[in-house]
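[1] I need the structure of the sequence given here:
(chains A and B)
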Amino acid sequence: MLNTVLVIAVALVSLALLLTLWRLFRGPSLPDRILALDTLYVNAIALLVLFGLLQKQSVYFEAALLIAMLGFVGTVALAKYLTRGDIIE
Amino acid sequence: MNPATELLLSALILLGAVFTLIGSIGLARLRDFYTRLHGPTKASTLGVGSLLIASALYFSLTEPGISLHEVLVTLFLFITAPVSAHLLAKAALHLKLHSLARRPEQNNED
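    Residues are numbered from 1 along each chain as shown, chains lettered A, B, ... in the order given. Purely as a prediction, here's the structure:
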């Protein structure tokens, strides 16, 4: 049962990634695109966790932690660039 | 693994995936930036948190010792999601993006 549910969950999260990608390409303004990138990395963490559960290996969480930290730094830098026109003042 | 645990894990995983999908649907379908901000920052964070709890339970039950990596990722995501949403909202206000809401009432002093 767990394997079936895992496959369904991978399909749902992949659909979520596709919707986010559509917003990334279409997004009328720059904050929309940054928000789409932010959602993209959160969804990538979800997909990575599901992949770790499917493979029954806990190695992938290091990668998930790295994505979480670097994604946050990237979002903050981009948002700060939009508000201030500069990242480090 | 006994059936009750498997059922709990399946429910958590399905709930997490559905909430992640709902967050992305909100991002794709809603009509202005300020409403679009709601989807990913609330629904997707809850969904990923649920998935990570399921994963922590699974690896704590199948492998010796308690698995704490997931808790670390969950904590980090739950702390950073509101901060990045706040910064993005500030950027959008700075750029004066189109909003569905009415403008606040102007003062009639001048």
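
[2] pull out the buried positions in whichever strand or helix holds B:Leu77.
    Element membership for B:Leu77 (DSSP states H and E) is helix B:69-94. By neighbour count on 16 or more other Cβ atoms under 10 Å in any protein chain shown, the buried set for helix B:69-94 is B:69-70, B:73-74, B:76-77, B:80-81, B:84-85, B:87-89, B:91-92. In this view, the C-beta of every residue, glycine as well, is placed from N, C-alpha and C.

[3] how about that helix, does it reach chain A?
    Yes. Against chain A, helix B:69-94 shows contacts by Cβ under 8 Å from any Cβ of the partner chain at B:69-70, B:72-73, B:76-77, B:80-81, B:83-84, B:87-88, B:90-92, B:94.

[4] quick one: average confidence on that helix?
    Average pLDDT, helix B:69-94: 89.

[5] which residues of the chain fall in helices?
    No chain was given, so I picked chain A. Ranges of helices within chain A are A:2-26, A:30-55, A:60-84, based on DSSP state H.

[6] that was the other one, I meant chain B.
    Going by DSSP H, chain B shows helices at B:3-29, B:33-36, B:38, B:45-62, B:69-94.

[7] put together CSV for these, with distance to A:Val13 on each row.
    Shown next, in CSV, are those (distance: least, Cβ to Cβ, whole Å):
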stretch, distance to A:Val13
helix B:3-29, 5
helix B:33-36, 19
helix B:38, 19
helix B:45-62, 8
helix B:69-94, 15
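
[8] tell me the most buried of the helices of chain A?
    Sort these by mean neighbour count, taking mean count of other Cβ atoms under 10 Å in any protein chain shown, and helix A:30-55 sits at the top with a mean of 22.

[9] next, the angle from that one to helix A:60-84.
    Counting by axes from the mean of the first three to the mean of the last three Cα atoms, to 10 degrees, helix A:30-55 lies at 180 degrees to helix A:60-84.

[10] need the pLDDT of residue 6.
    All of this refers to chain A. Looking at A:Leu6, its pLDDT reads 92.

[11] try again with chain B
    For B:Glu6, the predicted pLDDT is 90.

[12] with the one 3 residues further on instead?
    Listed pLDDT for B:Leu9 reads 92.

[13] can you check A:Ile34 too?
    So A:Ile34 comes in at 92 (pLDDT).

[14] cool, A:Val73 as well?
    Reading off the model, A:Val73 has pLDDT 92.

[15] just the one 3 residues further on next, same as before
    What the model reports for A:Val76 is a pLDDT of 91.

[16] hang on, the earlier thing: between helix A:30-55 and the helix holding B:Leu77, find me the angle.
    170 degrees.
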